[in-house]
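> Quick one, structure for this:
(one chain, ligands or ions: 1)
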Amino acid sequence: MPDTYRIIEACLIGGEWVKAPDGAAIAVVNPFDGARIGEVPRLGRQETRAAIAAASEALGPWKAMTASERAGLMNRLADLILEHKEALGRLLTLEQGKSLAEAVGEVAFGAAYIRWFAEEARRIYGDIIPSPWPGRRILVTREPVGVVGAITPWNFPNSMIARKLGAALAAGCTMVIKPASQTPFSALAVADLALKAGLPPGVVNVVTGQAGEIAAEMCENPVLRKISFTGSTEVGRRLAAQASAHLKRTSMELGGNAPFLVFDDADLDAAIAGAVASKFRNSGQTCVCTNRFLVQAGVHDAFVARLKEAVAALKLGNGLEPGVAQGPLIDEAAVEKVAAHVADAVAKGGQVVLGGRRAELGGRFYEPTIVTGARADMAVAGDETFGPLAAVFRFETEAEAVAMANATEYGLAAYLYTRDLARAFRVSEALEYGLVGVNEGLITTEVAPFGGYKDSGFGKEGSKYGVEDYLNLKYTCLGGLA
Ligand code: NAP
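As a prediction, the model looks like this:
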């Protein structure tokens with residue numbers, strides 16, 4: 001067993017570590033070899049209710065603190081995360097599978113979100129609006145929405161939580177976090193560090209267990225005022241409907257189907273570097289991963305040849321081993337989805353240029369794969385593969401490329417490579433996506449707003465806009481001032 005951050009097999013409710021009353025638990029395994037790492041409690045509605053009550057009790061004192069007091073505690077949390085970043089990274093790799101370099105990078109990114117929002121806590125300003133009435137003043141202030149529920153996925157077990165938690169804490173909200181069942185230990189470790197940083201009990205709570213039950217309690221409990229969800233569009237759609245029945249505010253960070261456009265005038269060195277980074281990070285399991293490479297005819301063959309060379313060099317293996325770039329996929333279903341997309345593409349005339357099969361390592365490994373001749377009727381065109389398949393579509397004109405890029409219900413991230421400044425503006429403005437990388441394949445940062453259009457959801461995370469999702473605007477009219 002690697003030297004990881006402490007594995008905590010209990011949930012945090014009101015500052016107490018708790019197990020399921022009936023001892024029920026969910027086993028957590030290492031996706032590299034299926035070995036059992038530990039277990040977490042299988043909690044349900046009752047414990048979620050208790051966590052919401054604890055968060056509600058902590059809310060008053062937390063929001064009454066000055067912004068700089070809250071920021072001080074948040075900065076202490078960020079410091080502790082960074083102090084333990086190697087051990088937290090090893091824990092993350094153990095439960096999630098990604099390379100250690102990526103895992104440690106994610107932990108540092110999580111700390112960066114907490115730090116950014118700690119700074120932002122001091123800048124939650126209001127307004128005074130010129131009054132249409134003599135003798136009155138119009139004040140607008142921002143107030144925390146209250147207790148927030150966060151439901152997060154397995155692909156970024158640390159940073160997906162940090163960017164919700166940071167914004168919530170800065171705004172003066174308290175939180176109940178339900179992490180993904182496959183990667184709960186990173187969440188529990190952050191909660192442990194929050195306690196060590198001095199955040200009062202009940203400000204951060206973590207419940208693991210039955211997703212449907214926990215979510216139902218979050219939606220129906222009148223004390224909880226907002227739900228922030230990151231995960232699949234399918235679950236997000238259901239959750240948004242359930243939450244709207246109870247008039248809960250929601251933020252939805254959902255699936256993507258990112259296009260990566262390479263024009264004839266692109267800098268191919270930059271395009272290849274961006275292609276590898278945007279497609280194969282976390283073995284293709286990020287919501288902003290390229291799903292469709294759209295390449296103009298003039299550079300198509302050169303792009304494919306160079307992409308093949310770069311991708312063939314990626315080393316597969318245990319994420320904890322030095323030099324490994326590609327870890328396993330999260331589970332067997334993920335491997336089957338990649339295999340199904342490849343088989344569908346081949347059946348419809350696609351050519352496998354690289355990979356195209358399960359890796360010799362066995363288990364949850366699939367070889368990094370490139371398929372050319374991709375077409376709109378293939379499964380990969382409409383559905384996020386969420387794995388190491390690079391599907392290459394060919395196009396002739398700019399208008400055709402934009403139409404292909406937008407021909408999806410998703411709208412999270414898009415990338416384009418061109419050296420023509422006018423085209424860079426024209427195309428990025430025509431792309432119906434919440435994030436656009438022009439000549440860059442990795443663009444997520446805590447200082448910029450992250451969030452999708454269309455079926456990729458709504459709400460923003462990170463940046464000065466991210467905190468708005470956790471605030472209510474209050475209008476106060478002061479009269480009798482004539
Ligand atoms: P998922 O199946 O939707 O799961 C996400 C979370 O929702 C997990 O905590 C899961 O709990 C929970 N959940 C499952 N069923 C639920 C239900 N009926 N009600 C409420 N919550 C429920 O997604 P995933 O497979 O873990 O994550 C991959 C997806 O997330 C991809 O589509 C990806 O694009 C998207 N994603 C989006 C962003 C973004 O910022 N836009 C970022 C990362 C990932 P259990 O683990 O207990 O099942």
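> ok now do the residue of the chain found nearest the ligand, which residues does it touch?
For the chain and the ligand, the shortest gap (C-beta to the nearest ligand atom) falls at G231, measuring 2.7 Å. C-betas here are computed from N, CA, C, even on glycine. Counting by C-beta atoms under 8 Å, 6 or more residues apart in numbering, G231 touches 151-153, 180, 253-254.
> any idea of the pLDDT on the closest residue to F365 other than its chain neighbours?
For F365, ignoring the flanking residues on the chain, the nearest one in space by C-beta to C-beta, 6 or more residues apart in numbering is A359 at 3.7 Å. We have a pLDDT of 97 for A359.
> from memory A359 sits against G317, does it?
No: A359 sits out of contact with G317 when judged by C-beta atoms under 8 Å, with a separation of 9.4 Å.
> How far does stretch 445-462 sit from its chain's centre?
10 Å (C-alpha atoms, centre = their mean, to the nearest Å).
> no, scratch that, I was asking about stretch 319-328
Worked out by C-alpha atoms, centre = their mean, stretch 319-328 lies 21 Å from the chain centre.
> Buried residues, it. List them.
Neighbour-count burial for stretch 319-328, counted by 16 or more other C-beta atoms under 10 Å, picks out 319-320, 324-328.
> could these be laid out in JSON lines, adding distance to L195?
Formatted as JSON lines, the buried residues of stretch 319-328 follow (distance: C-beta to C-beta, whole Å):
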{"residue": "G319", "distance to L195": "28"}
{"residue": "L320", "distance to L195": "27"}
{"residue": "V324", "distance to L195": "33"}
{"residue": "A325", "distance to L195": "35"}
{"residue": "Q326", "distance to L195": "35"}
{"residue": "G327", "distance to L195": "30"}
{"residue": "P328", "distance to L195": "32"}
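> pLDDT, secondary structure and distance to L165 added to the residues you listed, as JSON lines?
Listed next are the buried residues of stretch 319-328 as JSON lines, based on pLDDT from 0 to 100; DSSP: H, G, I helix; E, B strand; the rest coil; distance: C-beta to C-beta, whole Å:
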{"residue": "G319", "pLDDT": "98", "secondary structure": "coil", "distance to L165": "24"}
{"residue": "L320", "pLDDT": "97", "secondary structure": "coil", "distance to L165": "26"}
{"residue": "V324", "pLDDT": "98", "secondary structure": "coil", "distance to L165": "29"}
{"residue": "A325", "pLDDT": "97", "secondary structure": "coil", "distance to L165": "29"}
{"residue": "Q326", "pLDDT": "98", "secondary structure": "strand", "distance to L165": "29"}
{"residue": "G327", "pLDDT": "98", "secondary structure": "coil", "distance to L165": "25"}
{"residue": "P328", "pLDDT": "98", "secondary structure": "coil", "distance to L165": "28"}
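> can you count the residues close to T141?
Residues lying near T141 (other C-beta atoms under 10 Å) number 14.
> ok, the helix or strand that contains it: who's next to it in the sheet?
Taking DSSP states H and E as the definition, one finds T141 inside strand 137-144. Partner strands for strand 137-144, per DSSP bridges, with pairing direction: strand 127-129 (antiparallel), strand 471-478 (antiparallel).
> got a list of contacts for it?
59, 63, 124-131, 171-173, 470-478, 481.
> Name all residues that make contact with L316.
L316 neighbours (C-beta under 8 Å, 6+ apart): 324-327, 359, 361, 365, 367-368.
> thinking again about what came up before, ok, and of the contacts of strand 137-144, which contact the ligand?
By C-beta under 6 Å from any ligand atom, no member of the contacts of strand 137-144 lies near the ligand.
> before we move on, back to that, how close does the residue nearest to F365 sit to G166?
Separation of A359 from G166 (C-beta to C-beta, to the nearest Å): 37 Å.
> which of those two has more neighbours?
G166 (31 against 18).
> Now that one: which helix or strand?
helix 159-171.
> Buried residues of that helix, list them for me.
Buried, per 16+ other C-beta under 10 Å, within helix 159-171: 159-171.
> again with stretch 26-35
Neighbour-count burial for stretch 26-35 [16+ other C-beta under 10 Å]: 26, 28, 30-32.
> likewise stretch 13-29?
Applying 16+ other C-beta under 10 Å to stretch 13-29 flags 13-15, 17-20, 25-26, 28 as buried.
> re earlier: may I have the helix holding G166 exported as CSV, CA atoms only?
Taking C-alpha atoms only, helix 159-171 is exported to CSV below (Å, rounded to 0.1, in the frame of the first residue of the first chain):
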residue,chain,number,x,y,z
SER,A,159,-11.0,19.7,-7.5
MET,A,160,-14.7,19.2,-8.4
ILE,A,161,-15.4,19.5,-4.6
ALA,A,162,-12.9,22.3,-4.0
ARG,A,163,-14.5,24.6,-6.6
LYS,A,164,-18.0,24.2,-5.1
LEU,A,165,-16.8,24.3,-1.5
GLY,A,166,-14.5,27.3,-2.0
ALA,A,167,-17.3,29.4,-3.5
ALA,A,168,-19.9,28.3,-0.9
LEU,A,169,-17.6,29.0,2.0
ALA,A,170,-16.6,32.4,0.6
ALA,A,171,-20.3,33.4,0.2
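> any idea how far that helix is from the chain center?
12 Å.
> One more: stretch 77-96?
Using C-alpha atoms, centre = their mean, the offset of stretch 77-96 from its chain centre is 17 Å.
> Kindly report the same for stretch 42-54.
Centre to centre, stretch against its chain (C-alpha atoms, centre = their mean), the figure for stretch 42-54 is 24 Å.
> if we compare the strands paired with strand 137-144, which one ends up closest to A111?
With C-beta to C-beta as the criterion, A111 lies closest to strand 471-478 of the strands paired with strand 137-144, at 23.1 Å.
> correct me, but G110 touches P157?
No: at 9.3 Å, G110 does not count as touching P157 under the criterion of C-beta under 8 Å.
> quick one on the thing from earlier: need the max-distance pair from the contacts of G231.
A180 and L254 (14.6 Å).
> Between these two, which is the more surrounded one?
Neighbours of A180 and L254, each counted by other C-beta under 10 Å, are more numerous for L254; the result is 27 against 24.
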